[in-house]
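Engineer: Task: produce atomic coordinates for the following.
(chains A and B)
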Amino acid sequence: MLSKLSEHGQSAGGPVDGQAPDAWMQVRGLTKHFAGEMALADVGIDVERGRVHGLVGANGAGKSTLIRCLAGVTVADSGRIVVGGEELRQGSPSASEKAGLAFIHQELNLVAHFNVLQNMLLNAPKVTRFGLIDWKRSGVAAEAAAERIGIRFSLQTRVSELSVAERWLVMIGKALIRDAAMIAMDEPTASLSAAESEQLFRIVRDLTAHGVAILYVSHRLDEVLELSDKITVLRDGRLAGQAMRGTLDKKGLIRAIIGHDLGVGQAPRRAVVEKSGTPIFSARGVAWRNAVKDVSFDVYKGEVLALGGLVGAGRTEVAELAYGVKTLDGGHFELNGKPLAVADPAEAVKQGIALVPEERRSQALMLEKSVAYNVNVASLKALRAIRSLPFLSAGKGRSQAEKLVRELKIKTPSTSTRIGGLSGGNQQKAVIARWLNENTKLLILDEPSRGVDIGAREEIHNSIRALARQGVGIIVISSDVEELAVLADRVVVLREGRVTGELVGDEITEPRIIELSYLDQSELQEEAQWQAQ
Amino acid sequence: MASTMSRAGGRLPAARPGSSGKRAALTFVSRYGTIIGLLLMVFFFSLNAPEKFFTTANFLNILSQASLTAIIAAGLTYTLVVGEFDLSIGNVASFVGLVVCGMMAKEHLPIGVSIALALLLGIGIGSLNGVLVTKVRINAVIATIGVGTMLSGIGFAYSSFPIASGVPRDFIMIAVARTFGVPNPVFIMVAVLAVLWIILNKTDIGQKMQAVGSNIEAARLSGIRVDRIKMFAFATAGFCSALTGTLLASLLGSGTLAAADGYLLDAFAAVFLGSATVREGEFHIVGTLVGVLILAVGFNGLSIFGAPTYFQPIFKGGILVLAVGMSALARRYAASA
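Structural biologist: Numbering: from 1, shown residues only, chains lettered A, B, ... in the order given. Down below sits the predicted model:
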């Protein structure tokens, strides 16, 4: 199989420019309406084998619709897709698969209680003996694929035991077994740590070297710029621009995505916040199983404290411990200088701790409920008509919801709109809005801008800063180093459950955070000394 | 889908008559299909048997029959709102009906005390279901079938014969008597449903119940004590079952083994029919009432037209499948909209 891929790679290595008439995959004039709204308007792209094709755009720009059309999940109103000289029959996932198109979405399509091999071979031809599946011989191709992409865990491992990064590898292996000529990856690094991302990039480069085309969809522009041979920008369903490697920088890309310039790249407001008075919140020698070992830090009034580090460094666990989702094995937390004991989230909320969890859709939103319901659900007591009776005042509920929607600039037709229909950014704003009340003393945000477009992200950052200024303690957890550098006043970096260092003010740069994510401060000093010799 | 909605509030969608017309029609059918069905049935029976069906007496009869089902179905609605099940409701009603008669006939307790104890017993059994589901973490289907089955055995041990002699006349008159010409159970049903509606829609706990049913993890992380909310729903279901059981005993004038077991299927059919009413795929009290009325009108019409007895279970089972099907379709439609 591998040799086959490389043969294709050699044959496909034509010149890459704008709209080559002989491109391997040609999308022409793709148009799609949903409920009267234009999701895609006359979009045309070319994808060459052996190249990385970046696809960027704000949420709602039409990236997902384009991908869904390619995958055969959605049928375009008009337009054609030609793959390898043959017109692709639209609306048939199996036709798309036969044409060599593979898709890896953020919600990885894996059967959790199947092992890796079973997942890789799901719906793929298997070697049978006497009518029974011969797993050993069927697994040969899977083993080869696994080796190629650097899978180090056993193919007998259940998928439910794998990390998100490992599941990505399984999905890529699955695509390779099916002789995929193009793999579309939707926000591949959203849940990956920096090191895992690097591994993914290596795999992407290896795949393209073997002639596989990669359609790389991401909000992380640095990655897209670094990886892509060609970048397509969509805006409001239309083609907003296409650029070859090296012809566009980040600012230009952002301009194309949003249509105007943003304050990204400016030196952030680096006024070092003075640590004054009693910390709002402190962790003292916090420990939990193997994941968190002796973690201590303080959150002061007026600052945004970030927990940096790789996925799996123990950041989310610290948040869950503070919020009572997990129970401490050692150490304690303090709120305004007083020891804090929370047995469950309900208790945490009562004490004034709030959490914006990592997985918006599964952990935070009641998707089929209204915007008003979702922003009000955590402060129902305040919405009672009479405080001592459990009856709610419809008027109070409405006015609170309208106030929150205004304050956080949630774009929605009305507060009674179903929240599931809003974009990721507006959903996330609603989750934050839920905690904007006088009871909240500490707000923990786990990956606050995951899957959020650039415009909404900026607005979310502004809201977080505004809250900090109002005196709410803020802890931000983010795997997006770029985001930490822009947002945080102080970064406490964790590695394998321990604090490796703390960065303040101008020290907060991407390279410094990444360094500390891999090595702790003493190791860094040793390294420096060694280099000096 | 999200991609098209993210710009909502910006510009108006371009007119696409074909799809939006179809969409509007689909929305209408999925919301009001059950109510239209109910009205069509009433219309059909009235047209074909005006002198038997379309009379005040018959309508009161339908309402009276529907009352007991509506009460027990409203309790079941609560457990479904929080994303659980209660398959013990029929057994609880039968058991409580037996015990309430026993308390009066065998133990010679006053009527009021007996009824109060019976309702408490229902709350207790419901709470037991709740503990098994939330604390022991037994799947609700299994836990409630288990409890229900045990109750039928305990009932048998308590009295294998109907308890009829010694049941006071005043107790019987509770469900049999009429006030202003309307059978008493109708008033009781209206009161219970009104209270349950208010709790579900207008109070903290009701909002929390909906949150738990909608996304239990999100509810927990919003600071809602999920287990307590579920306990409340199970206890309410137990209370409603006990009330239906007591009223049935009053109507029958006796406590009889398994007398109320059949309410389980009726209640499920009604609740699922209701979940396809007005709000797509959500369980709610008004919907449940519509579902109960559809069943009651259907049974009434069948018997007026002299349909053979075997047709009743066919109708009941058919309605259940239809109801669950419609509810599933409505939910899928709501999810894709």
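Engineer: Count the residues that sit near the closest residue to chain A within the stretch 151-300 of chain B.
Structural biologist: Residue nearest to chain A within the stretch 151-300 of chain B: B:Gly223 (3.0 Å; Cβ to the nearest Cβ). (C-beta placed from N, C-alpha, C; glycine too.) B:Gly223 has 26 neighbours, counted by other Cβ atoms under 10 Å in any protein chain shown.
Engineer: residues from the stretch 51-200 of chain B in reach of chain A?
Structural biologist: Residues of the stretch 51-200 of chain B lying close to chain A (Cβ under 8 Å from any Cβ of the partner chain) are B:Ile198.
Engineer: quick one on the thing from earlier: show me what contacts the closest residue to the residue of the stretch 151-300 of chain B closest to chain A other than its chain neighbours?
Structural biologist: Leaving aside its chain neighbours, B:Gly223 sits nearest to A:Val349 (3.0 Å; criterion: Cβ to Cβ, 6 or more residues apart in numbering or on different chains). Applying Cβ atoms under 8 Å, 6 or more residues apart in numbering or on different chains to A:Val349 gives the contacts A:Ala378, A:Asn439, B:Ser222, B:Gly223.
Engineer: B:Val195 looks like it's in a helix, true?
Structural biologist: Yes. When DSSP: H, G, I helix; E, B strand; the rest coil is applied, B:Val195 is found to be in a helix.
Engineer: and the residue of the stretch 151-300 of chain B closest to chain A, what element?
Structural biologist: B:Gly223 belongs to no helix or strand when elements are defined using DSSP states H and E.
Engineer: Touching, it and A:Gly352? I think so.
Structural biologist: No. Look at B:Gly223 against A:Gly352 with Cβ atoms under 8 Å: they stay out of range, at 10.7 Å.
Engineer: pLDDT score assigned to the residue of the stretch 151-300 of chain B closest to chain A?
Structural biologist: Per-residue pLDDT puts B:Gly223 at 93.
Engineer: how about the spatially most central residue of chain B, what does it touch?
Structural biologist: Closest to where the C-alpha atoms of chain B average out (Cα atoms, centre = their mean) is B:Ala73, at 0.9 Å. Residues in contact with B:Ala73 (Cβ under 8 Å, 6+ apart) are B:Asp266, B:Ala267, B:Ala270, B:Val271, B:Gly274, B:Thr288, B:Gly291, B:Val292.
Engineer: what's the lowest-pLDDT member of those?
Structural biologist: Across these, the bottom pLDDT score, 89, is held by B:Gly274.
Engineer: That residue contacts B:Gly287, doesn't it?
Structural biologist: Yes. Taking Cβ under 8 Å as the contact criterion, B:Gly274 and B:Gly287 are neighbours in contact, 2.9 Å apart.
Engineer: If you count surrounding residues, which of these two has more?
Structural biologist: Set B:Gly274 next to B:Gly287 and count neighbours by other Cβ under 10 Å: B:Gly274 wins out with 30 against 24.
Engineer: Is the more buried one in a helix, a strand, or coil?
Structural biologist: Following three-state DSSP, the label given to B:Gly274 is helix.
Engineer: quick one: it from B:Leu193, how far?
Structural biologist: According to Cβ to Cβ, to the nearest Å, B:Gly274 stands 12 Å off from B:Leu193.
Engineer: Now for the two: what residues contact both?
Structural biologist: Residues touching both B:Gly274 and B:Leu193 (Cβ under 8 Å, 6+ apart): B:Leu289.
Engineer: Show me the helices in the stretch 101-250 of chain B, by range?
Structural biologist: B:111-134, B:140-158, B:169-176, B:184-202, B:204-214, B:216-221, B:226-252 (DSSP state H, counting those that start in this stretch).
Engineer: Columns mean neighbour count on top of those, output as a markdown table?
Structural biologist: Output for the helices of the stretch 101-250 of chain B, formatted as a markdown table (neighbours: other Cβ atoms under 10 Å in any protein chain shown):
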| stretch | mean neighbour count |
| --- | --- |
| helix B:111-134 | 20 |
| helix B:140-158 | 17 |
| helix B:169-176 | 16 |
| helix B:184-202 | 18 |
| helix B:204-214 | 22 |
| helix B:216-221 | 21 |
| helix B:226-252 | 26 |
